[in-house]
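Asks: A predicted structure for the sequence below; I have some questions about it.
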Amino acid sequence: MTVTELVSYEAALAGYDPVMGLEVHVELGTKTKMFCGCSTELGAEPNSQTCPTCLGLPGSLPVVNAIGIESAIKIGLALNCEIAEWCRFARKNYFYPDMPKNFQTSQYDEPIAFNGHLDVQLEDGEIFRVEIERAHMEEDTGKSTHVGGATGRIHGASHSLLDYNRAGIPLIEIVTKPITGAGERAPEVAKAYVAELRELIKALGVSEARMEMGQMRCDVNLSLMPKGSTTFGTRSETKNVNSLRSVERAARFEIQRHAAVLESGGTIVQETRHFHEEDGSTTAGRIKDNAEDYRYFPEPDLVPVAPAREWVEELRTTLPELPRLRRNRLREEWGVSEHDMQSILNAGAVELIVATIGAGAPSDQARKWWMGELARNANESGRALDELPITPEQVARVAALVASGDLNDKLARQVIEGVLAGEGDPDTVVDKRGLKVVSDEGALGTAVDEAIAGNAGIADKIRGGKVAAVGALVGAVMKATRGQADAARVKELILEKLGVSEG
Ligand code: ADP
Ligand code: MG
Ligand code: ZN
């Protein structure tokens, strides 16, 4: 059946409790693929990073990537999971053109990590615990590009191109237990969970976890139970959602859609769904296969994985501070509100600010430049903050020049503009553009005298007690010095020369 009208979010929540399951795939940042020595570097000529193993040629044999296993264990430990003493890979059999072996090497009933949890912080500060079912290792597929159609989808395409460079890149799939009890906050929990997981993965150094580059993608499973019931309903699985905002929107849309179907007496079919960025809706994909359809069986070409307990414990000692705790610590050190910290996080500025402070800048200066001038520039040029051609050291240098009085804020902005334009280091830009605050009292004095002489009327008003009019004279001096004077000092000088005191 088709649903034309969604039930309002409030009405859906009044009648039902959502149950969610989140499956997150993370592409590991290993140099080579999971089962062969091919490079994982992005952007290479299609099919240039392949070999008999990742192309699935007869007779080729896989060898497991040790860093892949190590990364999986680190992720498992960071998610408070138990680490299997012994586990195997399994073949998941299905046909797809971008999967040349006709099976995906994955893990099935013997995942490397299981039974964990991740605590996530919601916007109001409350902690919500998400239980983790398992984290298992698998490999990515190749990439199909459908050519000739209007949408890039297979429908309407004249032909498809296949690139196997991605085939065999290690993936970790992290699967939650059914998330219940979140109620109307289910979409927020989903977003907070994926955000926290992303920060955790980055902190572990196992992947850059850039969602916009497909290094991390999320399947959102959702079902509804009538209020008061504890029996799960049938779930839908919205595939490959690739931004935090989309995760939240997909969950929200599915809550409304499920409610509409159920309210109209329909039944939910277990199927995959596609998410559409444009309007936040989902549409039906394929009817979900059951596990038995995949004919899973233990991979005979790979030895079991039996990580020594000493190794696991050694890896445990390398775990970084949890992102949530670190964030709270930094928030207190910097003295900012939850809300401001959230903005800093959303802007991807946390690490840049930390590095700028590390390079000697006071925290308020570091925050001010990254969240002000630089955030604006990034926004305008459609880049992420860390893609701007300026380093935390350079920002710290600008802050130092402001602190020493060599630059005022206005000049500092011009210096930053110069650095971003590739004119060199802050000091070079200052020299080349001649951007120093005029602090030579003689030169300032002359500029002030000229301003007074050129604006006799205003000067008289000030002498007569209208001190507020001093702004006009300060403006004249700033103009004459091309903004390079210290405005506060200029004001002092003017009042001094006119024999007026501010109080
Ligand atoms: P599959 O491979 O079929 O997607 P998985 O077990 O890998 O199955 O993932 C299913 C996800 O959906 C898990 O996160 C699980 O907790 C969750 N889940 C299972 N049943 C339901 C349900 N009825 N409603 C919502 N989520 C569910
Ligand atoms: Mg799934
Ligand atoms: Zn290969």
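Replies: In hand now; what should we look at? Ligands and ions are numbered 1, 2, ... in the order given.

Asks: in which helix or strand would I find residue 341?
Replies: Assigning secondary structure by DSSP states H and E places residue 341 in helix 338-346.

Asks: Please identify the residues of this structure in proximity to ligand 3?
Replies: 36, 38, 51, 53-54 (C-beta under 5 Å from the ion). C-beta: built from backbone N, CA, C; applies to glycine.

Asks: Can you tell me the number of residues neighbouring residue 196?
Replies: Counted by other C-beta atoms under 10 Å, the residues lying close to residue 196 total 20.

Asks: does the closest residue to it other than its chain neighbours belong to a helix or a strand, and which?
Replies: Distance criterion C-beta to C-beta, 6 or more residues apart in numbering; nearest residue to residue 196, sequence neighbours excluded, is residue 120 at 4.5 Å. Element membership of residue 120 [criterion: DSSP H and E] is strand 113-121.

Asks: List phi and psi for the residue positioned nearest the centre of the chain.
Replies: Averaging the C-alpha coordinates of the chain gives a centre point, and the residue nearest to it by C-alpha atoms, centre = their mean is residue 210 (6.1 Å). With angles defined as degrees, to the nearest 10, residue 210 sits at phi -80, psi 110.

Asks: rewinding a little: beyond the helix holding residue 341, next helix or strand please.
Replies: Downstream of helix 338-346, the first helix or strand assigned by DSSP H and E is helix 350-358.

Asks: from the chain's centre, how far out does the very next helix or strand once past that next one sit?
Replies: Proceeding N to C from helix 350-358, the next assigned helix or strand is helix 363-369, under DSSP H and E. Between the mean C-alpha location of helix 363-369 and the chain-wide mean there is a distance of 21 Å, by C-alpha atoms, centre = their mean, to the nearest Å.

Asks: Report all helices and strands that helix 363-369 contacts.
Replies: Where contact means 3 or more C-beta pairs under 8 Å, 6 or more residues apart in numbering; DSSP states H and E, helix 363-369 is packed against helix 323-334, helix 350-358, helix 392-403.

Asks: Show me the one of those that comes nearest residue 372.
Replies: Nearest to residue 372 among the helices and strands packed on helix 363-369 is helix 392-403 (11.0 Å), distances taken as C-beta to C-beta.

Asks: Identify the residues contacting residue 285.
Replies: Shown in contact with residue 285 (C-beta atoms under 8 Å, 6 or more residues apart in numbering): 239, 271-274.

Asks: filter the residues you listed by proximity to ligand 1?
Replies: Judged by C-beta under 6 Å from any ligand atom, the overlap between these and the neighbourhood of ligand 1 is nil.

Asks: So among those residues, which ones count as buried?
Replies: 239, 272-273 (16 or more other C-beta atoms under 10 Å).

Asks: In a markdown table: those, plus secondary structure.
Replies: Rendered in a markdown table, the data for the buried ones among the contacts of residue 285 read as follows (DSSP: H, G, I helix; E, B strand; the rest coil):
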| residue | secondary structure |
| --- | --- |
| 239 | strand |
| 272 | strand |
| 273 | strand |
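
Asks: For the stretch 151-300 of the chain, which residues are neighbours of ligand 1?
Replies: Along the stretch 151-300 of the chain, the residues adjacent to ligand 1 under the rule C-beta under 6 Å from any ligand atom are 175-178, 221-223, 232-233, 235, 237.

Asks: 5 Å instead?
Replies: Residues of the stretch 151-300 of the chain lying near ligand 1 by C-beta under 5 Å from any ligand atom: 175-176, 178, 221, 223, 232, 235.

Asks: Present the contacts of residue 285 as a markdown table; the columns should include pLDDT.
Replies: Supplementary listing: these in a markdown table, determined by pLDDT from 0 to 100:
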| residue | pLDDT |
| --- | --- |
| 239 | 96 |
| 271 | 94 |
| 272 | 95 |
| 273 | 96 |
| 274 | 95 |
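
Asks: right, and out of the residues you listed, which lies closest to ligand 3?
Replies: residue 239 (25.9 Å; C-beta to the ion).

Asks: Contact partners for the closest one?
Replies: With contacts taken as C-beta under 8 Å, 6+ apart, residue 239 has the following neighbours: 219, 272-275, 285.

Asks: The same query, at a cut-off of 6 Å, please.
Replies: By C-beta atoms under 6 Å, 6 or more residues apart in numbering, the residues touching residue 239 are 219, 272.

Asks: Same check on residue 65?
Replies: Residues in contact with residue 65 (C-beta under 6 Å, 6+ apart) are 30, 34.

Asks: now swap in residue 94 and tell me
Replies: When the contact criterion is C-beta under 6 Å, 6+ apart, the partners of residue 94 are residue 294.
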